[in-house]
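S.K.: Provided below for reference: sequence and predicted model.
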Amino acid sequence: MALHEIHVTINDEPEQVTVPANMTLMRMLREKLALTGTKNGCSAGECGACTVLLNGEPVNSCMVLAVECDGARIVSVEGLASEERLAPVQETILRQGGVQCGFCTPGILISAHALLQRNSNPGEDEIREALVGNLCRCTGYVRIIESVKEAARMQSAAS
Amino acid sequence: MNTHPTLPEFDYLRPRTLAEASEFLSRHPAEARPFLGGTDVLVRMRDGFLSPRFLVDVKGLDGTNDLRFDSRTGLTLGAAVSMNRVIASAEVRTHYPLLAEACRSVASYPLRTRATVVGNICNASPAGDTIGACLVLEGVLHVHGVHGPREERLGSFFLGPGKTILNAGDIVTSLHLPLPPKACAGVYIKLGRNQLGDLSIVGVTALGHPDSSCRSGYRFRLALASVAPVPLVPAEAEKHLADHPITTESLREAAQLASDACSPIDDVRGSARYRRLMVRNLSAKALRQVWSQLTG
Amino acid sequence: MKSAGSQPTPSLIGENAPRIDARQKVTGAAVYADDIQFGDSLLHARIKRSPHPHALIRKIDTGRARALPGVKAVVIGEDFPGHIGLYLQDRYIFCRDRVRYVGDPVAGVAAISPEIAQKALDLIDVDYEILEPVLDPELGTSPNAALLHPDLGQYVVANFIFPKPGTNISNHFKIRRGDVDSAWGQCAAIVERKYRIPHIQHVPIEPHVAVAKVEESGEITLWGSSQSPFAQRNLIAQSMGISQSRVRVIAPLVGGGFGSKAGVSMEALVVAIATKARGRAVKLLLTREEEFYTAFVRQGLVAHFKMGCDAKGRLLAMENIFYWDGGAYTEYGVNVTRAAGYSSSGPYEVPNIKTDSYCVYTNHPVGGPMRGFGMPEMHAGLEQCIDELALQVGMDAVEFRRLNCLKTGSTLVTGSKMHPTGLPICIEKTAEAIGWGMKSPPSAPNKRRGKGLALMWKAPAMPPNAGSSAWVELAEDGTVTVGVGGQEIGQGVFTVAAQMAAAALGVPYESVRIATPIDTRYSPYEWQTVASRLTWSMGNAIVNAARDAKRQILDTVAEAWGETPEDLEIIQGVVISYKSEKEIPLKNLAIYGLPKPNDQGWRGGPVIGRGNFMPTYVTGLDAETGQGERAVVHYTTGAQAVELEVDLDTGRIEILRGVSAFDVGKAINPGQVEAQMEGGFVQGMSSALFESLNLKDGVVRSPSFVDYRIATTADAPKDLQAIIVEVAQDDGPWGARGIGEHSMVPTIPAIGNAIFDAVGVRLEGPPFTAEKVYLAMLEAGIVK
């Protein structure tokens, strides 16, 4: 099986990685770059624990081949916060108590962050729809949804 | 279940032209597969149902990324255009809201970043959510094969679950939807096991528009998901509504005819009996909704 | 050891202290077992599993697998003769002569990549002789059923479990109280029902994962996503015939457990493989498909209920027969059978009760502990029968429960007395919050609306001597480190542990850290993170450790100041004297002590507090009658109510509102208690509406998220209320008892009762899928 050398930007840092064709983006992040914040929950595109941003849009990274990402811009949970502060969705999920075991949290944060980039004032149903592919077994989603609403308000207030 | 912990081994190719891609695919008929969003192919590979030696990435080939609306000829949807892009397109929402609605019912937002309508069609699952909309909107596929480009009508495209009339070497480059019928209204009702994100137990696509060539003055188009080996067009039901004045009763009768036309199976998502009943109930509901939109 | 029930309550207890583990989880820094970096020498394991539900192993040939380049170890059952099990040692690490469920491990491979390990599995040839399987627990008890464990009589078993050798019954728990046969004659109403509760799975978002390595010294190190590092050490050591100190378990954060990661399931496999891997670390990560059925599942139940009351609605008699579909091995599930038996009255006072609770071996996946430990399965039918009985005798369902529910001092099914309980308060608050008795119109002509309510009770199900221990130490900067053996699985225990330590010692919450990861080499012993026991049990140990540390500190300062410790206190990390008003920060003496005057030396020294807690009063239960003085430590009780709509076109259920009220004794962190109620409700709702393992002929069909649906954001109700009731537990820290499991127990029957209220149908068991509801309505003539 051939190896491919790809160039990607991950959390604003350029990387050069050699990957076999059958390595998914998720595995590349976790195994080649030690970015283990992105989680492996099913490897089948169903649970959302592996959600990252690919050229600004959320994807299940277990269903994207690393080799397809040559030239792409990836943002994982490790890239949401700046040096100075957490992203609004991170701050609010902490404040609202929307984190329990935390395994779904990185994927949730990426999906929520992306939602607020494309829709600065989502309604309750829009939030639910945007997060429907991120399964959580612990929280019952209540506080997660509240935290996205609060993050939207925070973002609006800041701008 | 022979699920792999990681994807099985394969080689990845990214040809630069359609001709190159088509030629490679035809030279390796059993071993090579075209690859778009991967949301079906990669899952099936992981589950051991597919083991291609080559995945041929056809995203980025000529025309596959185009999303264009022409006010004379209609919509051209490139094969690589993601469902999210379709949903977000103002032109799709204005002229083909049914297609946007169908796309929106698929899985989840992150999955729709990768999933494509053309991929959904070529995967040829009877459960394919966007196929019904493309059928009732008279979609045509542009195919590039070893002998060059040709068109295939969706109505005759599906042969069975996962089976289409495509040959080795064929690459679907785009889907074309003609201009929608004037003053049409459409709806897609999908019944899943939970509220959103599921595969359909049944899916009902209904489209209606004024048509003076029909005795009733209206033409209805219907397509049903998950109730037959292929996405099903219940012709008798459509004919009933073309021939009879549209009333609560005739809509109900059409829904019954749609149910009679199905040949569902018992599977893990639902029983055949329940599916028939749901086709009846949800077709009636869909037709009422369309009728209500048509008559304001 | 004494509990902390009489402590003064500093303001930290009862506050929503921010979660101590959450920030790392939102930045991606949190380390779970699959995130630990082991380097390039890490090997990957895959397991060859039985494709048959029941078969003898005639021959295993591993030659071709061993020869595959990249394969570094291949093991089979022959290599590991020891039995393993928690309450009943009924399984081998790898099958030796027989396979008993589809998925049963037959061989293990370690290779340099998961792909090569997977390839090697196909090169292992196994000859099976297929046997007749047992696929139903009731049928499994018949003398004609195939015998799954002929050696049942020889298995090591805990003295409170009663297997029946020569049968498939691995435990038979009995209640014989009063005179049930005569009591029926006095009943004005009798309900008799059978409920079939399907298997489900915990579905932690993090699948099981474990890494094992044999060190130079021959000791074994096991890293894993684990609720039970000490139990794993114990069981694995016993099975391998080595000393407990030769097995070290390191347990980082857990991405959800719900019981699936308690005891030992797949961890023993990778330890076994590692013993043949010449010192290289070996990782086994279950695929999601394997997660669904090869670690633990929640066993199915066939339950026969019969209950009767007099004309005034007073419960007079209950007769219950429970057939637990325990699966291929019931080393853990036997206790579920027992727990259900001694809880089989439900949270009610019933003078005459006869229960037979059978744990039955079947050729199904292994039933283990899942949130509620038998209570959700049992209450699913019991609480619906209560509704039916109330209806029969013409009483409102809430009124019926008010009358019959347990109150402080009530006599229980086991003959003991109920401790102070807030169950009646939970009923009132739940009924009020859901608007019981008020009907609101449906949202559309094709919908029907209904309300339902259900109660629950549960005690921690554990051996009588399950213990906790803790230590407390300080650093020069005044930070406090608390050593515990309990695990953070998302429930928030590290946070309340820090709160309790801070409150008991007198330091700011922010100065407290928990020593993680839990490591059996350094961490103090904790029985298991199960049974909703940590806040109570580990909490007591922490408080005792903190008090021990405090005593050392105050003794030193008192001596230095010529005062008595009773006049001193520690507040916000500063020792103060009420008498002299002198003060000194803890950090000034916590390590080095205090100097004596005139350069005469030093007093004190490094402060290290230790504490433990183990209930000393748990008695047994009579093997024939199930009666005993105090067989459990305490009960958490509660109620849930739902308001829902049924779609007449599809049968689909939509939960509009959910209300939970639980008596937790004392909410150390109310926000986290509410979060448990919310999460438990949604998990319970998910099990009520969507979930069942699709078992056919012993095979779990479609074991993936595609067809095993769990609740998503779109399914969670828009209105979820969590009500905290606090009637103190006499031996709980600040009066606290557990909540983690209880919030998922009454949800199925609350929904079942609401469906009946809405459309007048009851189903034989969950999940209440749209199809089942629709076809039931069709049959009842509610729809055409």
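M.R.: That came through, no problem.
S.K.: host element of residue 106?
M.R.: No chain was given, so I picked chain A. helix A:105-118 (DSSP states H and E).
S.K.: meant chain B actually
M.R.: Using DSSP H and E, no helix or strand contains B:Val106.
S.K.: Would you mind pulling up the elements that the helix holding A:Pro106 packs against?
M.R.: Applying 3 or more CB pairs under 8 Å, 6 or more residues apart in numbering or on different chains; DSSP states H and E, one finds that helix A:105-118 contacts strand A:51-54, strand A:57-60, helix A:88-96, helix A:124-130, helix A:142-158, helix B:109-114, helix C:22-27. Any C-beta I mention is one placed from the backbone N, CA and C, and that applies to glycine too.
S.K.: ranges for the helices of the stretch 1-150 of chain B?
M.R.: B:18-27, B:41-46, B:83-88, B:90-95, B:97-104, B:109-114, B:117-123, B:131-136 (DSSP state H, counting those that start in this stretch).
S.K.: Same question for the stretch 301-450 of chain C.
M.R.: Counting by DSSP H, counting those that start in this stretch, the helices of the stretch 301-450 of chain C are C:333-342, C:375-392, C:397-404, C:423-434.
S.K.: Quick check: the residue of chain C nearest chain A.
M.R.: Of all residues in chain C, C:Gly28 sits closest to chain A, at 2.2 Å by CB to the nearest CB.
S.K.: what's the burial count for that residue?
M.R.: Neighbours of C:Gly28 under the rule other CB atoms under 10 Å in any protein chain shown: 24.
S.K.: re the thing from before, reformat the helices of the stretch 1-150 of chain B as CSV; add mean pLDDT and distance to chain A.
M.R.: Shown next, in CSV, are the helices of the stretch 1-150 of chain B (pLDDT from 0 to 100; distance: least, CB to the nearest CB, whole Å):
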stretch, mean pLDDT, distance to chain A
helix B:18-27, 93, 15
helix B:41-46, 94, 5
helix B:83-88, 98, 7
helix B:90-95, 98, 14
helix B:97-104, 98, 8
helix B:109-114, 98, 4
helix B:117-123, 97, 12
helix B:131-136, 98, 19
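S.K.: so can I have a markdown table of those helices showing mean neighbour count?
M.R.: Output for the helices of the stretch 1-150 of chain B, formatted as a markdown table (neighbours: other CB atoms under 10 Å in any protein chain shown):
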| stretch | mean neighbour count |
| --- | --- |
| helix B:18-27 | 18 |
| helix B:41-46 | 21 |
| helix B:83-88 | 21 |
| helix B:90-95 | 15 |
| helix B:97-104 | 24 |
| helix B:109-114 | 27 |
| helix B:117-123 | 25 |
| helix B:131-136 | 27 |
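S.K.: and of the helices and strands packed on helix A:105-118, who's closest to B:Ala272?
M.R.: helix B:109-114 (28.2 Å; CB to CB).
S.K.: Which secondary structure state is assigned to residue 133?
M.R.: With no chain named, the answer covers chain A. Put simply, A:Gly133 is coil when judged by DSSP: H, G, I helix; E, B strand; the rest coil.
S.K.: ah, I was thinking of chain C
M.R.: C:Pro133 - assigned by three-state DSSP - is coil.
S.K.: so who does it touch?
M.R.: If you count contacts by CB atoms under 8 Å, 6 or more residues apart in numbering or on different chains, C:Pro133 has them with C:Pro53, C:His54, C:Ala146, C:Thr362, C:Asn363, C:Asp697, C:Gly698.
S.K.: same thing with C:Gly313?
M.R.: C:Ala390, C:Val393, C:Met395, C:Glu399, C:Phe400, C:Leu403, C:Asn404.
S.K.: Following the record's annotation, map out the domains of chain C.
M.R.: C:22-30+C:466-613, C:34-131+C:207-254+C:261-291, C:300-462+C:620-779 (automatic domain parsing).
S.K.: re the thing from before, make a markdown table out of the helices and strands packed on helix A:105-118 and add distance to B:Thr94.
M.R.: Output for the helices and strands packed on helix A:105-118, formatted as a markdown table (distance: least, CB to CB, whole Å):
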| stretch | distance to B:Thr94 |
| --- | --- |
| strand A:51-54 | 28 |
| strand A:57-60 | 23 |
| helix A:88-96 | 32 |
| helix A:124-130 | 20 |
| helix A:142-158 | 27 |
| helix B:109-114 | 20 |
| helix C:22-27 | 40 |
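S.K.: Tell me which of those approaches C:Tyr293 most closely.
M.R.: Comparing those by CB to CB, strand A:57-60 comes nearest, at 23.3 Å.
S.K.: which helices and strands sit right next to the closest one?
M.R.: Contacts defined by 3+ CB pairs under 8 Å, 6+ apart place strand A:57-60 against strand A:51-54, helix A:105-118, helix B:109-114.
S.K.: For it, which strands pair with it and how are they oriented?
M.R.: Applying DSSP bridges to the sheet, strand A:57-60 is found paired with strand A:51-54 (antiparallel).
S.K.: ranking the domains of chain C by burial, who's on top?
M.R.: domain C:300-462+C:620-779 (a mean of 23; mean count of other CB atoms under 10 Å in any protein chain shown).
S.K.: average pLDDT for stretch A:14-34?
M.R.: For stretch A:14-34, the mean per-residue pLDDT is 98.
S.K.: Run the contact check for it versus chain C.
M.R.: Yes: Stretch A:14-34 lies within reach of chain C by CB under 8 Å from any CB of the partner chain, at A:Arg30, A:Ala34.
S.K.: mind saving the C-alpha coords of that stretch as PDB?
M.R.: Presented in PDB, the C-alpha positions along stretch A:14-34 are these (Å, rounded to 0.1, in the frame of the first residue of the first chain):
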ATOM      1  CA  PRO A  14       1.700  23.800   9.100                       C
ATOM      2  CA  GLU A  15       2.400  20.100   9.200                       C
ATOM      3  CA  GLN A  16       4.000  17.600   6.800                       C
ATOM      4  CA  VAL A  17       2.800  14.100   7.300                       C
ATOM      5  CA  THR A  18       3.400  10.800   5.600                       C
ATOM      6  CA  VAL A  19       0.200   8.600   5.600                       C
ATOM      7  CA  PRO A  20      -0.900   5.400   4.100                       C
ATOM      8  CA  ALA A  21      -4.000   5.600   1.900                       C
ATOM      9  CA  ASN A  22      -6.200   3.800   4.400                       C
ATOM     10  CA  MET A  23      -5.400   6.200   7.300                       C
ATOM     11  CA  THR A  24      -8.400   8.400   8.300                       C
ATOM     12  CA  LEU A  25      -8.000  12.000   9.300                       C
ATOM     13  CA  MET A  26      -9.000  11.000  12.800                       C
ATOM     14  CA  ARG A  27      -6.200   8.400  13.000                       C
ATOM     15  CA  MET A  28      -3.700  10.900  11.600                       C
ATOM     16  CA  LEU A  29      -4.500  13.400  14.200                       C
ATOM     17  CA  ARG A  30      -4.400  10.900  17.000                       C
ATOM     18  CA  GLU A  31      -1.500   8.700  15.900                       C
ATOM     19  CA  LYS A  32       0.800  10.900  13.800                       C
ATOM     20  CA  LEU A  33       0.400  14.200  15.500                       C
ATOM     21  CA  ALA A  34      -0.500  13.200  19.100                       C
END
